[in-house]
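>>> Prediction below, plus the sequence it came from.
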Amino acid sequence: MRTSQLAVFHGPGQPITLETVPVPALREGEILVRNEYTTLCRSDLNTFSGKRRERTPTILGHETIGVIAELAASAPTRDARDRDLRVGDRVTWAIYASNPDSWLARVGIPQKGPGLFKYGHEPITPDSTLHGGLAEFCILRRHTPVIRIDAGIPLPVMALINCSVATVAGSLRLAGPLTEHNVVIAGAGMLGVIACAMGRCAGARHIIAVDIEDSRLATARAFGADFTVNLQSGGGSLKDQVERFIPGEAVTVGLDYSGVPETMEALVGVLGVGGVAILIGATFPQRPLQINAEQLIRNIHTLRGLHNYNEWDFIAAVNFMEQNHQRFPFASLVVDGFHLASVNEAFDFGLKSGAHRVGVRLGAGS
Ligand SMILES: [Zn+2]
């Protein structure tokens, strides 16, 4: 019988343990994937440290890439881009499995549909074990968007697609076409840096990245930001600093990946008439924002939130990475060299180093 190692997270402050379980027989419609590489998302680190809560025991890891090991009866033989799926294909898959016929799925929000299943977020139970990236195998359930990737993209870069890149693709979809727009991107972590690159490729007029660390702002420039603002530099308000970079021009798109209330308030404050702000970073408990409704109304602002992404965003993310993975230094964002056996060290390193991502190699030969 085939077995799988898995890294079991028991709760904050407790070491992750390695266990071995039998790989269960697949149910109808399922795909067995041999995981190859997982990058630790900020939400994984927040769960590990206790900043955010997850049902335990669980397998963390949802930024993952792998190879199809087995297709069950009635499993999809075409991917989300309508290409063949076969054993041995390298694939990426969405963070969710969601009934495509639900009302929410039909209006473009499958990631919140009834009966939602989220990889890297589900408890381990006797009949559901292999559903995270930090294991040798993962079982993809029915209604999981899957995409075959043929391009020769390095594994650590491919792993970023199904959380970071797809989420940024979703935020750009909500922002609308960026051509000739001035865009302010708050938070130069992984999502903010990818947003600089995607915004550049989408034809933004100017991109202004905002953070509190100069090293992260330097990375944002390498990924396409024209100007950067360090909020702790003492250079005045965000609005004043932005106006110095683009005198006489308006900011019409603001993307927040920082999740910091003061920064989100400042971001809304720099928007010109008709501006759109998309909030993506605040995925943990925090105080309410102070938004001036009169300003919102008179300036005809739009304020939207986004959590995760849908299938269109997922496809856009794969297309973007296939076309642009060599245009920007994505591999420099991932600290490589960890394995399933050193997964606790990988989490510790991710929390202490502030690296954009820490990568874990999986499976035989890793
Ligand atoms: Zn994530």
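Great, that's in hand.

>>> Could you tell me how far the closest residue to residue 132 other than its chain neighbours is located from residue 2?
Nearest residue to residue 132 in three dimensions, chain neighbours excluded: residue 59, at 2.8 Å (Cβ to Cβ, 6 or more residues apart in numbering). Glycine gets a C-beta too; all of them are placed from N, C-alpha and C. For residue 59, the distance to residue 2 under the criterion Cβ to Cβ, to the nearest Å works out to 17 Å.

>>> Looking at those two, which is more packed in?
Counting neighbours by other Cβ atoms under 10 Å for residue 59 and for residue 2 shows that residue 59 has the greater number, 26 against 13.

>>> ok, for residue 356, nearest residue in space, not its chain neighbours?
Distances taken as Cβ to Cβ, 6+ apart place residue 333 nearest to residue 356, at 4.0 Å, with adjacent residues excluded.

>>> ok, that neighbour - contacts?
The neighbours of residue 333, taking Cβ atoms under 8 Å, 6 or more residues apart in numbering as the test, are 160, 190, 193, 219, 355-357.

>>> Could you report the pLDDT at residue 365?
Reported pLDDT at residue 365 in the predicted model: 48.

>>> Would you mind naming what in the protein lies close to the ion?
Within the chain, the positions adjacent to the ion are 41, 43, 163 by Cβ under 5 Å from the ion.

>>> Just the pLDDT at the first one, thanks.
What that stands for is residue 41. Among the per-residue scores, residue 41 shows a pLDDT of 95.

>>> related to what we said a few turns ago, could you measure from the residue nearest to residue 356 over to residue 197?
With distances taken as Cβ to Cβ, residue 333 is found 11 Å from residue 197.

>>> Repeat that for residue 118.
26 Å.

>>> first to last residue in stretch 205-224, what's the distance?
Start-to-end span of stretch 205-224 (Cα to Cα, to the nearest Å) is 11 Å.

>>> Report the distance from it to the chain centre.
Distance of stretch 205-224 from the chain centroid (Cα atoms, centre = their mean, to the nearest Å) equals 18 Å.

>>> Identify each buried residue in it, please.
Taking 16 or more other Cβ atoms under 10 Å as the basis for neighbour counts, the residues of stretch 205-224 that come out buried are 206-212, 216-217, 219-221, 223-224.

>>> just stretch 224-240 next, same as before
With burial defined by 16+ other Cβ under 10 Å, the residues of stretch 224-240 counted as buried are 224-231, 238.

>>> What of stretch 326-342?
Along stretch 326-342, the positions that meet the burial threshold by neighbour count (16+ other Cβ under 10 Å) are 328, 330-331, 333-335, 338, 340.

>>> Same list (those residues) but as TSV, adding pLDDT and secondary structure.
Written out in TSV, the entries for the buried residues of stretch 326-342 read as follows (pLDDT from 0 to 100; DSSP: H, G, I helix; E, B strand; the rest coil):
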residue	pLDDT	secondary structure
328	98	coil
330	97	helix
331	96	helix
333	97	helix
334	98	strand
335	98	strand
338	97	strand
340	96	helix
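
>>> Nearest to residue 30, out of the residues you listed: which one, please.
Each of those was checked against residue 30 using Cβ to Cβ; the closest is residue 340, at 22.5 Å.

>>> Parallel or antiparallel, which strands does the helix or strand hosting residue 208 pair with?
Secondary structure here is read from DSSP states H and E; on that basis residue 208 sits in strand 206-211. Each strand pairing with strand 206-211, determined using DSSP bridges, is listed with its direction: strand 182-186 (parallel), strand 227-230 (parallel).

>>> Need those in JSON lines (columns: distance to residue 14 and mean pLDDT).
Compiled in JSON lines, the strands paired with strand 206-211 are given as follows (distance: least, Cβ to Cβ, whole Å; pLDDT from 0 to 100):
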{"stretch": "strand 182-186", "distance to residue 14": "34", "mean pLDDT": "98"}
{"stretch": "strand 227-230", "distance to residue 14": "37", "mean pLDDT": "98"}
